[in-house]
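Visitor: take a look and give me a structure for this.
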Amino acid sequence: MSEERNEILDTFRRVEDKYALTPQQANLFRQLCSSHIKKDVYFKYTVQSVYYDTIGSNLVIQSLMKPQYKMKLRLRSYGQPDGNKPLFLETKKKYQDIVYKRRIVLSEKEAESYLEYGIPHHVKNNTADEIDYILNFYNPEPKVLIIYDRECYAAVDEADVRITFDTNIRYRTDHVSLYEDGSEKKLAEDTVMLEVKAMDRYPMWLTRILSAMKVRRTSFSKYGTIYTMNHQVEKPVYSRAYENTTMMKEESVCSLQY
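Guide: Here you go, the predicted structure:
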């Protein structure tokens, strides 16, 4: 997937719902939707993300509590980094059912210098200031590399609806970096993660197809699932105080790019 773009949007606000399908269900879903969707301009690509968290993994633990508000920090590449591809340092926050995503675009050298050594980068905007605050407040470190292959469709008649299929999800928790080295473990094998992204509500055709297939939304989180699989996790206790002290209000727009 090429990252040469006429415009790279850096703020996103939308609903993102996930559905766990078998490969057979995914094929049927594509068939039933075929007259309503088209291949996205970026149709097939690989997503590689390093998730950052505190030493005690506070962010993912709080996320597992199912609070109204939760936040993630990650560095993302589309395809294997090669020194020239732009990297995306982003926050992903969810308040109730709405996802807010903000990001800055850095070179690989800038990202390494900034995240490893605190050397300032060239971006000067509100998102960069917010990420600075998060880094200073949480002092996060790289926790896990997550990679998956994505197939992306856009709705024919609804400009704000986007549908993605994630397969071959794999991860690595040792010597974490953006580079895939072959030592990654499989996650959710033989499962296709369908994700529907929209500004507000589903179009009627999509609602009917999901209902006919009898598939239900899931709260599957790649990072949360990996943490649970690799640690002795007790049921966390929900903390309203944490939510109130860490939630940041968002003003943003929707993007169809990612």
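
Visitor: surely R13 forms part of a strand?
Guide: Yes - read with DSSP: H, G, I helix; E, B strand; the rest coil, R13 is one of the residues of a strand.

Visitor: hmm, it is touching I98, no?
Guide: Yes - look at R13 against I98 with CB atoms under 8 Å: they come within range, at 6.5 Å. C-beta coordinates here come from the backbone N, C-alpha and C atoms, glycine included.

Visitor: then stretch 177-193 to PDB, C-alphas only?
Guide: Only the C-alpha atoms of stretch 177-193 are listed here, as PDB (Å, rounded to 0.1, in the frame of the first residue of the first chain):
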ATOM      1  CA  SER A 177       9.600  -2.800  17.200                       C
ATOM      2  CA  LEU A 178       7.600  -2.100  14.000                       C
ATOM      3  CA  TYR A 179       9.600  -4.700  12.000                       C
ATOM      4  CA  GLU A 180       8.100  -8.100  11.400                       C
ATOM      5  CA  ASP A 181      10.800 -10.800  11.900                       C
ATOM      6  CA  GLY A 182       9.000 -14.100  11.600                       C
ATOM      7  CA  SER A 183       8.800 -14.800  15.300                       C
ATOM      8  CA  GLU A 184       5.300 -13.400  15.700                       C
ATOM      9  CA  LYS A 185       2.500 -15.600  17.200                       C
ATOM     10  CA  LYS A 186      -0.900 -16.100  15.700                       C
ATOM     11  CA  LEU A 187      -4.000 -14.400  17.300                       C
ATOM     12  CA  ALA A 188      -7.600 -15.500  16.500                       C
ATOM     13  CA  GLU A 189      -6.600 -18.000  13.800                       C
ATOM     14  CA  ASP A 190      -9.300 -18.800  11.300                       C
ATOM     15  CA  THR A 191     -11.200 -15.700  12.400                       C
ATOM     16  CA  VAL A 192     -11.900 -12.700  10.100                       C
ATOM     17  CA  MET A 193     -12.500  -9.500  12.000                       C
END
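
Visitor: need the contact partners of that stretch.
Guide: Residues from elsewhere that reach stretch 177-193 (CB atoms under 8 Å, 6 or more residues apart in numbering): 18-23, 25-26, 48-50, 75, 77, 80-81, 87, 142, 145-148, 165-172, 174, 220, 222, 225-226, 229.

Visitor: repeat for stretch 198-217
Guide: Identification of contacts with stretch 198-217 by CB under 8 Å, 6+ apart yields 13-15, 17-19, 21, 25, 28-29, 32-33, 36, 155, 157-158, 160-162, 194, 196, 254.

Visitor: next, the distance between the ends of that stretch.
Guide: Terminal residues of stretch 198-217 are spaced 14 Å apart (CA to CA, to the nearest Å).

Visitor: same deal with stretch 47-65?
Guide: So stretch 47-65: terminal residues 26 Å apart, CA to CA.

Visitor: ok now that stretch, how far from the chain's centre?
Guide: Relative to the chain's own centre, stretch 47-65 is displaced by 12 Å; criterion: CA atoms, centre = their mean, to the nearest Å.

Visitor: flag every buried residue along it.
Guide: By 16 or more other CB atoms under 10 Å, the buried positions in stretch 47-65 come out as 47-54, 57, 59-64.

Visitor: ok, longest helix in this structure?
Guide: helix 126-138 (DSSP state H).

Visitor: can you name the next helix or strand after that one?
Guide: As assigned by DSSP states H and E, the chain's next helix or strand after helix 126-138 is strand 141-155.

Visitor: and whichever helix or strand comes after that next one with strand 141-155, angle?
Guide: Scanning forward in sequence from strand 141-155 by DSSP H and E, the next helix or strand is strand 162-172. Note on geometry: by axes from the mean of the first three to the mean of the last three CA atoms, to 10 degrees, strand 162-172 and strand 141-155 are set 150 degrees apart in direction.
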